[in-house]
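K.L.:
Output the structure for:
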Amino acid sequence: MTSSKSLFNFGIYKNTLKRFKWGSFLYFIILFFSLPFILLVQDKEYLVRSYSRVLETTPLLLQSGFMVIPILLAMIVPTIVATLCFNNVHSAKQSNFVHSLPVTRLENYISNVLAGLTLIVLPVLLNAGILLIMSLTGYQEIIASSSVIYWFFINIAISFIMLSVSVFSAFLTGHTAAHIAINILIHTAPLIIALGIYLVSQIFLFGFSESDNFIANEIVNNTPMVWLYARSLSFINKGNMFLTPQMWIFIAMAIAFYVLAFVLYKNRKIESCGDVAAFKSFRPILKYTATVFAAILIFGMLASSNLGAVAIFTIAAVVTAVVYFASEMLIRKTVKVFKSYKGYIGFALLMAIFISIFAYTDIFGYERRIPERADIESATIYNRVGENIPFVADDKLIEDVRTLHAELTSDIPVVDNDLDRYSLLRVRYNLKNGKVLERAYRVTEEVHKRAISKMYENAEYKNIVYSFDMLNIDKVKNMELRLGTSTFTHHISVNNDAKAILEAVKKDLAVLSYDEIEGQQFGINISFSISQTAEENEDSKVFVTAESDDGLYYSNRMYHINMQINSNFKNTFKVLTQQGYYAEF
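P.N.:
As a prediction, the model looks like this:
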């Protein structure tokens, strides 16, 4: 006998809360000691002094140091709650009892979901209440009431999203351990797929470079778990999460997971309790997903090793075979599964074909792609990682880049150049559609020198390489000249003469070749350096990093210039001589 009067059963809801209230209380305690307690035991004046500067841009509660633990809890607790609230679908005894009650499955499902949400919301609500009281009774200077409300809704939104996946996972299986494993698998599946794309690209695509818009990076950055965590800890840079379309997309996806979870619950059989896969159609999906992910992970672990290709593929074959047949054993509940070897052979053949396509063909046109001139905004070839990328919009330089790029891709090997001694060249295009195309090549020293020498024919390129593009020479008041050997270093501080020296260096850079700047190994070598912290640059405005409608933008980061000048810098040494510094050296 079932009831059709209501979608909600208060008795089930109340019983679930009563059974697992200890978990909710434990969540409250952990959350309390991770945030309100820490603020309560610290001196208020100390907090004001310590955070007065950052409070101008970010409320105290929303700073990453205070958000880490609450956000991690908001991601972990829902899995535990779903495991507890829906454990009845994994136990035959509990399942028979629950389904003998005069309630529909929809009533049971909604009542348990609401009970789970209540177990999560109450601890967060109580802690938010404590923080709100603090914000009104003596902590006004460091805790804004609006930030407490935002803190509450962010925690609840993340928990709502994470719980949806865990509830959905509960009905795919009849086993508690498998429920947790499948839940983790769903959350991390985009990351594993991204790793697979990265490995295939890195190993088999000639010239592969991890550019800004690389699809694997896009997948990682937009994986709900990663996006929610990263955005929660970066309020100062990213702003209100609820004003972004991604947040509402994730909430809509969560609602869809809750609906799909009920569809699974409605159609699953009680007899599936104890089965790793609750549905027959889910068994091959689970088996092959586990096997493919095992292959990706083992390749990821072995990719940076010194093992040869034969050893790597042999190890991968053994590991994936173990995972494949182990999955079969768990799904079928028997060790007699080796007759299903044809499925593994089919998997192995498909993997071999997939890898061969990437290794021996350029099916996507990635390796030989060179943008048309009309599509390029600016371009560069460079070899310095982590420094200013010298993008230049000059027509001649862009054509030189395209010509050199065509030479580099004229003879594509199966794998990248395996040279004992090589240099890394990066080819990069800023396209007019806003995207970036980048490639990286291992080349001989001869090819490297020829390519960079060609780039050094452009004065703007050299200005960017040596950071003169961001240096506001008129504002430089302090500079240091340094002459060094293996036994001593002599320093000279330059003050009023800095501007004249820097202008001479910039004038020399404009006309000197790569060999003349970097090729001199002996003779006179003097380095000059300018270094400023964010605070110093805020006052001095030496390093300019962009132009805006309001004028120049001065960086609030630390920047420095430290470069060698040699006897080819004629104008520079002329100024040094006139000012008396050369004589001192």
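
K.L.:
Going by C-alpha atoms from here, please, whenever you check contacts or count neighbours.
P.N.:
Will do.

K.L.:
Which pLDDT value goes with the closest residue to Asn433 other than its chain neighbours?
P.N.:
Take Asn433 and drop its neighbours on the chain: the residue closest to it by CA to CA, 6 or more residues apart in numbering is Asp375, 7.7 Å away. The per-residue pLDDT reported for Asp375 equals 94.

K.L.:
Contact partners for Asp375?
P.N.:
Leu431, Lys432, Asn433 (CA atoms under 8 Å, 6 or more residues apart in numbering).

K.L.:
is it true that the second one touches Glu372?
P.N.:
Translated: Lys432. No. Taking CA atoms under 8 Å as the definition, Lys432 is not a contact partner of Glu372, at 10.8 Å.

K.L.:
Which one's more surrounded, these two?
P.N.:
Neighbour count, other CA atoms under 10 Å: between Lys432 and Glu372, Lys432 has more, with 12 against 9.

K.L.:
For the more buried one, list the residues it contacts.
P.N.:
Contacts of Lys432 by CA under 8 Å, 6+ apart are Asp375, Ile376, Glu377.

K.L.:
mind putting those in CSV, distance to Thr16 and secondary structure included?
P.N.:
Formatted as CSV, the contacts of Lys432 follow (distance: CA to CA, whole Å; DSSP: H, G, I helix; E, B strand; the rest coil):
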residue, distance to Thr16, secondary structure
Asp375, 61, helix
Ile376, 62, strand
Glu377, 61, strand
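
K.L.:
What is the nearest of the contacts of Asp375 to Ile501?
P.N.:
Nearest to Ile501 among these is Leu431, at 36.8 Å by CA to CA.

K.L.:
before we move on, the earlier item: now that we have the contacts of Lys432, can you turn them into a markdown table and tack on distance to Lys93?
P.N.:
Output for those, formatted as a markdown table (distance: CA to CA, whole Å):
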| residue | distance to Lys93 |
| --- | --- |
| Asp375 | 67 |
| Ile376 | 67 |
| Glu377 | 68 |
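
K.L.:
rewinding a little: show me the contacts of Asp375 that map onto strands.
P.N.:
Among the contacts of Asp375, the residues falling in strands (DSSP state E) are Leu431.

K.L.:
Once you drop chain neighbours, what's closest to the most centrally placed residue in the chain?
P.N.:
Most central in the chain under CA atoms, centre = their mean is Asn221, positioned 5.3 Å from the mean C-alpha point. Among residues not flanking Asn221 along the chain, Trp227 sits closest, at 5.8 Å (CA to CA, 6+ apart).

K.L.:
Which positions in the helix or strand where Ile452 lies come out as buried?
P.N.:
Using DSSP states H and E, Ile452 sits within helix 445-455. For helix 445-455, the neighbour count (16 or more other CA atoms under 10 Å) marks Val447, His448, Lys449, Ala451, Ile452, Lys454, Met455 as buried.

K.L.:
so who does the fifth one touch?
P.N.:
I take that to be Ile452. Ile381, Tyr382, Tyr514.

K.L.:
Which other helices and strands does the host helix or strand of Gly343 contact?
P.N.:
Gly343 belongs to helix 341-360 when assigned by DSSP H and E. Counting by 3 or more CA pairs under 8 Å, 6 or more residues apart in numbering; DSSP states H and E, the packing neighbours recorded for helix 341-360 are helix 176-204, helix 309-332.

K.L.:
following the longest one, which helix or strand comes up?
P.N.:
Where DSSP H and E defines the elements, the next helix or strand beyond helix 176-204 is helix 215-221.

K.L.:
before we move on, the earlier item: are any of the contacts of Ile452 buried, and which?
P.N.:
Buried among those (16+ other CA under 10 Å): Ile381, Tyr382, Tyr514.

K.L.:
What is the nearest of the contacts of Asp375 to Lys269?
P.N.:
Using CA to CA, these come closest to Lys269 at Asn433, 52.7 Å.

K.L.:
ok, that closest one - how many residues close by?
P.N.:
9.

K.L.:
and the gap between Val544 and Glu538?
P.N.:
Separation of Val544 from Glu538 (CA to CA, to the nearest Å) stands at 10 Å.

K.L.:
Grab the nearest non-local neighbour of Asp497.
P.N.:
Gln579 (7.7 Å).

K.L.:
scratch that, Ile156
P.N.:
Per CA to CA, 6+ apart, closest to Ile156 is Val121, 6.5 Å.

K.L.:
what's the burial count for the one you found?
P.N.:
19.

K.L.:
what's the answer for Asn306, then?
P.N.:
9.

K.L.:
Could you tell me whether it really is in a helix?
P.N.:
No. Counting by DSSP: H, G, I helix; E, B strand; the rest coil, Asn306 is not found in a helix; it is coil.

K.L.:
Next up, phi/psi of it, please.
P.N.:
phi -90, psi 10 (degrees, to the nearest 10).

K.L.:
any idea of the pLDDT on it?
P.N.:
73.

K.L.:
Does the residue nearest to Ile156 touch Ile154 like I think?
P.N.:
No. Here Val121 lies out of contact with Ile154, judged by CA under 8 Å, at a distance of 11.4 Å.

K.L.:
Mind listing the shared neighbours of these two?
P.N.:
Applying CA under 8 Å, 6+ apart, one finds that no residue jointly contacts Val121 and Ile154.

K.L.:
mind checking how far Ala406 is from Ser378?
P.N.:
When Ala406 is compared with Ser378 (using CA to CA), they lie 17 Å apart.

K.L.:
Which one of these two is surrounded by more residues?
P.N.:
Comparing Ala406 with Ser378 by other CA under 10 Å, the one with more neighbours is Ser378, at 21 against 14.

K.L.:
circling back to that earlier point, could you give the mean pLDDT of the helix or strand harbouring the residue nearest to Ile156?
P.N.:
Per DSSP H and E, Val121 falls inside helix 105-136. For helix 105-136, mean pLDDT rounds to 93.

K.L.:
list the buried ones in it?
P.N.:
105-113, 115-125, 127-128, 131-135.

K.L.:
mind listing what Ile255 touches?
P.N.:
Ser164.

K.L.:
Distance of it relative to Leu122?
P.N.:
21 Å.

K.L.:
Please apply the same query to Arg373.
P.N.:
For Arg373, the distance to Leu122 - CA to CA - is 60 Å.
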